[in-house]
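Peer 1: Give me a 3D structure for the following:
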Amino acid sequence: MKRKLLPLIGGLMLVLAAATAAADTITLKDGRVIQGHFTREGDSYSIQPDQGKAFKVPVTDLAGVVLGTDETPQQVADDRLQYALYLSSRETDISKAIQDIQAYLQQNANSPDAKTAQATLAQYVLDQAQGYVKFGNQWMSPADAKAAQTQVASMISNAVKQYRGGNLTQAQSEAQQVLAIDATNTDAHIIIGAVLFARNDPQDALAQFNTILESDPKNVIALNDAGAASFKNVLQLHALIDYQAALDLASGNRLLLDNIASALILYQGDENNTTYAMLKASFAAADGQVQGVMAQQGLYRAEAVWATSDEKAGVDAEYQSFQQEKQTDQSNYNSAESSVAGINNEINSANQEIRQVEQSISQLEAQENQYQIQIGPDGSITQTQSVDNSCAIDAANQQISQLQQQIGQLQDQAEQYQAQIDDAQEDMNRLNQAQWTLTFSGSQLMMLPGDLTNVPPPAPLRLPIQVLKPPVEN
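Peer 2: Down below sits the predicted model:
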């Protein structure tokens, strides 16, 4: 026999017993609806739930607010009852649920809602006498609970099977059926999040995993999946934080380590930041242990994927060739840049020399413009040029012409080297986007229920890269 808990009138309104005013209803963009109060603090809101610790969110995370109003005495009484029912509904030990209702009746014996509380208390006492246990949101006999657990486990197993087969709609349907039986089932929520991820909706998938982590912050599967969803949602640094938390709890999980290896390869942020450096060090230590285990199976780490010894040799050879080509392009690029810099220095030197020659020409021309005045015996006056620099000026002009010709040749050389720089840059860009990187950096995959203790084998390296990606819905 099963018994559903009494519904809470008006939802789970969390109000303090001494409250005299209704709480505000605060809705966040990640789907959370909070009863409490909020205040603006710069670019964030400080939210104080009626139950639980205060926390802050950015202003942009607030989706809407419905302000509370002053309540009548009857409304206050209703709120107190709802709070007592809420507390009892969360208990997994029926004796504690009874204590919650008894505590309410002791403080509100004369409340007009006391009869409702007494009826609830009587039902709890009867359930306790019959040995009922809680499964999902229902109290039931141990036999019914065991049957429900078996049914849910079978449905979760089938949902995982459907997901791996690419039947995302069926996988989601199975998970939703589980939630109809047990709304708190974490495995079902993980499968729904994985389906959202596979359907290229990392934002909603991340919200699903973060909801799980709010109540279960040490859930390794949710941490791994939140990391993969964050990375795909261009929140790479946040992904590394989630992966670090998961690694601290399950350093021997190969699937988790493969995801971290992929994230470290594909990370586009500052690799000198503390988060990246710590995860890289933690990964290296943990992966060394796992590589020893995988070697016993004849598989060896090849970047973010695994290969047989022959495949690994081929990968290493291709990697070395790839790296050598990159180094050659980089060397050509550096050499051309150095040559251009040297040519520019020569051009600057030639221009400086031209300026010096032009200055000397000006001085020579000034000297030619100087005259000597002579007075003859008869009193006549004659002027004679003091110096003739025409030959020197012609030589200087010829020198300038040669320097200008030299500059032209140097500029032609600079253009040739610039073309080499452009070619080397194009080659480096091509190599950075090469198939090698796409193939061996792998893909970050969802971890599903059961993968923590029974890790699925890595995809064979010889298969196309598409195998390493999340399943595509049929």
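Peer 1: okay, now the domains of this structure?
Peer 2: 2-136, 143-304+447-468, 335-432 (automatic domain parsing).
Peer 1: Could you provide those in a markdown table, with additional columns for mean neighbour count and mean pLDDT?
Peer 2: For the C-beta atoms, the positions are set from N, CA and C on the backbone; glycine is no exception. Below are the domains of the chain laid out as a markdown table (neighbours: other Cβ atoms under 10 Å; pLDDT from 0 to 100):
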| stretch | mean neighbour count | mean pLDDT |
| --- | --- | --- |
| domain 2-136 | 15 | 75 |
| domain 143-304+447-468 | 18 | 91 |
| domain 335-432 | 13 | 79 |
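Peer 1: Can you tell me which of those is nearest to Gln327?
Peer 2: domain 335-432 (10.3 Å; Cβ to Cβ).
Peer 1: now the closest one, how far from the centre of its chain.
Peer 2: Between the centre of domain 335-432 and the centre of its chain there are 59 Å (Cα atoms, centre = their mean, to the nearest Å).
Peer 1: and Ala63, that's in a strand?
Peer 2: Yes. Counting by DSSP: H, G, I helix; E, B strand; the rest coil, one finds Ala63 located in a strand.
Peer 1: Looks like it contacts Arg32 (just checking).
Peer 2: No. With contacts counted by Cβ atoms under 8 Å, Ala63 stays clear of Arg32, the gap being 9.2 Å.
Peer 1: still on that earlier bit, put together CSV for the domains of the chain, with distance to Glu325 on each row.
Peer 2: Below are these laid out as CSV (distance: least, Cβ to Cβ, whole Å):
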stretch, distance to Glu325
domain 2-136, 45
domain 143-304+447-468, 17
domain 335-432, 6
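Peer 1: hang on, Gly36 in a strand?
Peer 2: Yes. With three-state DSSP as the criterion, Gly36 is part of a strand.
Peer 1: Tell me who's in contact with it.
Peer 2: Shown in contact with Gly36 (Cβ atoms under 8 Å, 6 or more residues apart in numbering): Leu14, Ala23, Asp24, Ile26, Ile47, Gln48, Pro49, Asp50.
Peer 1: can you pull out the helices in the stretch 51-200 of the chain?
Peer 2: Taking DSSP state H, counting those that start in this stretch as the test, the helices found in the stretch 51-200 of the chain are 73-90, 94-107, 114-129, 142-164, 168-181, 186-198.
Peer 1: Report the contact partners of Leu81.
Peer 2: Neighbouring residues of Leu81 by Cβ under 8 Å, 6+ apart: Tyr104, Asn108, Ser111, Asp113, Thr116, Ala117.
Peer 1: and the gap between it and Asp127?
Peer 2: 19 Å (Cβ to Cβ, to the nearest Å).
Peer 1: ditto for Phe209
Peer 2: For Phe209, the distance to Asp127 - Cβ to Cβ - is 34 Å.
Peer 1: Check Ser95 too.
Peer 2: Computed as Cβ to Cβ, the Ser95 to Asp127 distance reads 11 Å.
Peer 1: Next: Ala63.
Peer 2: Distance, Ala63 to Asp127, by Cβ to Cβ: 39 Å.
Peer 1: next one: Gln170
Peer 2: As judged by Cβ to Cβ, Gln170 and Asp127 stand 36 Å apart.
Peer 1: and what of Ser360?
Peer 2: 112 Å.
Peer 1: so Val160 makes contact with Pro449?
Peer 2: Yes. Counting by Cβ under 8 Å, a contact exists between Val160 and Pro449, whose distance comes to 6.0 Å.
Peer 1: residues shared between the contacts of these two?
Peer 2: Ile191.
Peer 1: so Glu318, which of the three states?
Peer 2: helix.
Peer 1: give me the number of residues near it?
Peer 2: 14 (other Cβ atoms under 10 Å).
Peer 1: how about the helices of the stretch 201-350 of the chain, start to end?
Peer 2: Under DSSP H, counting those that start in this stretch, the stretch 201-350 of the chain gives helices at 202-215, 220-232, 236-249, 254-266, 274-295, 309-368.
Peer 1: Now tabulate the ones you listed in CSV and tack on distance to Ala459.
Peer 2: Formatted as CSV, the helices of the stretch 201-350 of the chain follow (distance: least, Cβ to Cβ, whole Å):
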stretch, distance to Ala459
helix 202-215, 21
helix 220-232, 16
helix 236-249, 20
helix 254-266, 10
helix 274-295, 14
helix 309-368, 12
